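Trainee: When you get a sec, could you give me coordinates for this:
(one chain, ligands or ions: 2)
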Amino acid sequence: MATADQVKALVKSHAEGDDTRFYSVALQVAAGAARNGHGRFAQDLKALVDGLRKRSSGSAPRVGPVAVARPRGELAQLLTVSYPEALLSDMSLDPQVRQRLERVLLEQRQADRLRSHGFHPVRKLLLTGVPGTGKTMTAHVLAGELRLPLFVIRLDGLITKFMGETAAKLRLVFDALAETRGVYLFDEVDALAGERAHGNDVGEIRRVLNSFLQFLEAHHSDSLLVAATNHPQLLDRAIFRRFDAVIEYSLPDAAVAREVIENRLATVDMADLIWGEIGEAAAGLSQGEITAAAELAAKDAILVGSGTVTTATLRDALRLRRSRSAD
Ligand SMILES: Nc1ncnc2c1ncn2[C@@H]1O[C@H](COP(=O)(O)OP(=O)(O)O)[C@@H](O)[C@H]1O
Ligand SMILES: [Mg+2]
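Mentor: Ligands and ions are numbered 1, 2, ... in the order given. Next comes the predicted model:
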């Protein structure tokens, strides 16, 4: 039978007009009843919910991804919106990371099916790893693949001197998240964690983080929240637990590095490249740095060379990157 929390969630979602949540809790009740041997009741309840859902989806179509979401008023200072077209195939990734992202996409695409059985898709992701490994790009790719708008939250606009104000601004962002389905990126979220917030009092920032965690906990909509950080060690362990999945990005191995280069050089001739030498020059560089070096070498080949990228040009470009990243 329904637990006290489920009954409260039913009443609350009814009061807020949140049909998706209402039906999803009702289905959780049905699933719980089935587990406890009340099969008949579970079936009746599920049939009831299915029938109601069909009716309500007929009369009020959900806001589709094509709706032009334009943050207005104060929200415009807190969010920027774009409609990325990037795809997962644009990324060069460790096979495990790729697999996990494919799983996120699958759950998001099949969200309705999961919900009809009382489950939720993954919707709170934390991406960690050194700069230039593709965390920000991943948020673009998730939006591109799901054909959803990408909202980037401006943390500098969010963090103010006065806690009351910051909480109110966070609330605006999370209200938007519940209202307009999209991918919401909280980039460099370690800014909420203290050390980097120069000039702000630590207690103040801690309260900002706490209110972020509370909103995170309460997030039940269909939007996908993506937080990214280059400094996971700055984050409290408490924050990791609030995410459905934590995905770690790492520097590329030789195979991934080669893929980054081949993708970036696809439009020029690179048949002569000696990959052993290139691999050595690329070792230790991020996908971002390798991309930049490949672009430089390609432009050199087009502007001053014969149109062919040579091993020497690319190796020099990679070395230049390495000396830059060293200082
Ligand atoms: N895994 C990757 N595959 C392909 N290109 C990448 C990858 N990671 C980074 N890049 C390139 O480097 C740029 C910067 O990466 P970014 O996503 O901003 O890194 P991060 O957010 O992890 O610091 C991207 O715009 C893209 O051109
Ligand atoms: Mg980034």
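Trainee: Within the helices and strands, which one has the residue nearest to residue 121 when sequence neighbours are not counted?
Mentor: Taking Cβ to Cβ, 6 or more residues apart in numbering, and ignoring the residues beside it in sequence, residue 121 has residue 107 as its nearest neighbour in space, at 3.8 Å. Placement of C-beta: from N, CA and C, glycine included. When secondary structure is defined by DSSP states H and E, residue 107 falls within helix 95-109.
Trainee: Now do that helix, average pLDDT.
Mentor: In this model, helix 95-109 has a mean pLDDT of 97.
Trainee: In the chain, what helix or strand scores lowest on average pLDDT?
Mentor: Of all the helices and strands that make up the chain, helix 39-59 has the lowest average by mean pLDDT, DSSP states H and E, namely a mean of 74.
Trainee: name the helices or strands packed onto that one?
Mentor: Contacting helix 39-59 under the criterion 3 or more Cβ pairs under 8 Å, 6 or more residues apart in numbering; DSSP states H and E are the following elements: helix 19-35.
Trainee: what helix or strand is residue 174 on?
Mentor: Take DSSP H and E as the rule and residue 174 turns out to sit in helix 163-179.
Trainee: how big is the angle separating that helix from helix 19-35?
Mentor: Put simply, helix 163-179 runs at 70 degrees to helix 19-35, going by axes from the mean of the first three to the mean of the last three Cα atoms, to 10 degrees.
Trainee: For residue 51, grab the count of nearby residues.
Mentor: 10 (other Cβ atoms under 10 Å).
Trainee: Return the distance of it relative to ligand 2.
Mentor: The gap separating residue 51 from ligand 2 is 46 Å, by Cβ to the ion, to the nearest Å.
Trainee: Those residues of the stretch 1-150 of the chain touching ligand 2, which are they?
Mentor: 135, 136 (Cβ under 5 Å from the ion).
Trainee: Run through the stretch 1-150 of the chain and note the low-pLDDT ranges.
Mentor: Low-confidence segments of the stretch 1-150 of the chain, defined by pLDDT under 70, span residues 1, 54-69.
Trainee: Need the nearest residue in space to the residue in it that ligand 2 sits nearest to, chain neighbours excluded.
Mentor: When distances are taken as Cβ to the ion, the stretch 1-150 of the chain approaches ligand 2 most closely through residue 136, which lies 3.4 Å from it. Closest residue to residue 136 apart from its sequence neighbours, by Cβ to Cβ, 6+ apart: residue 187 at 5.9 Å.
Trainee: Might one say that that neighbour is in contact with residue 152?
Mentor: Yes - with contact defined as Cβ atoms under 8 Å, residue 187 counts as touching residue 152 (6.4 Å).
Trainee: centroid residue for the protein?
Mentor: residue 226 (2.9 Å; Cα atoms, centre = their mean).
Trainee: how close does it sit to ligand 2?
Mentor: The span separating residue 226 from ligand 2 equals 11 Å under the rule Cβ to the ion.
Trainee: Next, count neighbours for residue 299.
Mentor: Neighbour count for residue 299, taken as other Cβ under 10 Å: 14.
Trainee: Now do the helix or strand following the least confident helix or strand of the chain: which elements does it pack against?
Mentor: Scanning forward in sequence from helix 39-59 by DSSP H and E, the next helix or strand is helix 75-78. Helices and strands touching helix 75-78, as assessed by 3+ Cβ pairs under 8 Å, 6+ apart, comprise helix 155-158, helix 163-179.
Trainee: Looking at those helices, which is nearest to ligand 1?
Mentor: In terms of Cβ to the nearest ligand atom, the element of these nearest to ligand 1 is helix 155-158, at 14.1 Å.
Trainee: Which residues does the closest one contact?
Mentor: With contact meaning Cβ atoms under 8 Å, 6 or more residues apart in numbering, helix 155-158 is reached by 77-78, 166, 169-170, 173, 186-189, 191-192, 208.
Trainee: now with 6 Å?
Mentor: Helix 155-158 is touched from outside by 77, 78, 169, 191, with contacts defined as Cβ atoms under 6 Å, 6 or more residues apart in numbering.
Trainee: Over to stretch 9-18?
Mentor: Counting contacts by Cβ under 6 Å, 6+ apart, the residues outside stretch 9-18 that touch it are 21, 22, 25.
Trainee: Let's see the helix holding residue 107 as CSV, backbone CA atoms only.
Mentor: What follows is helix 95-109 as a C-alpha-only set of coordinates in CSV (Å, rounded to 0.1, in the frame of the first residue of the first chain):
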residue,chain,number,x,y,z
PRO,A,95,34.7,3.3,-24.7
GLN,A,96,33.4,3.2,-21.1
VAL,A,97,32.5,6.9,-21.1
ARG,A,98,30.8,6.5,-24.5
GLN,A,99,28.8,3.6,-23.2
ARG,A,100,27.6,5.5,-20.2
LEU,A,101,26.5,8.4,-22.3
GLU,A,102,24.7,6.1,-24.7
ARG,A,103,22.9,4.7,-21.7
VAL,A,104,21.9,8.2,-20.5
LEU,A,105,20.5,8.9,-24.0
LEU,A,106,18.6,5.6,-24.1
GLU,A,107,17.0,6.3,-20.7
GLN,A,108,16.1,9.9,-21.7
ARG,A,109,14.6,8.7,-25.1
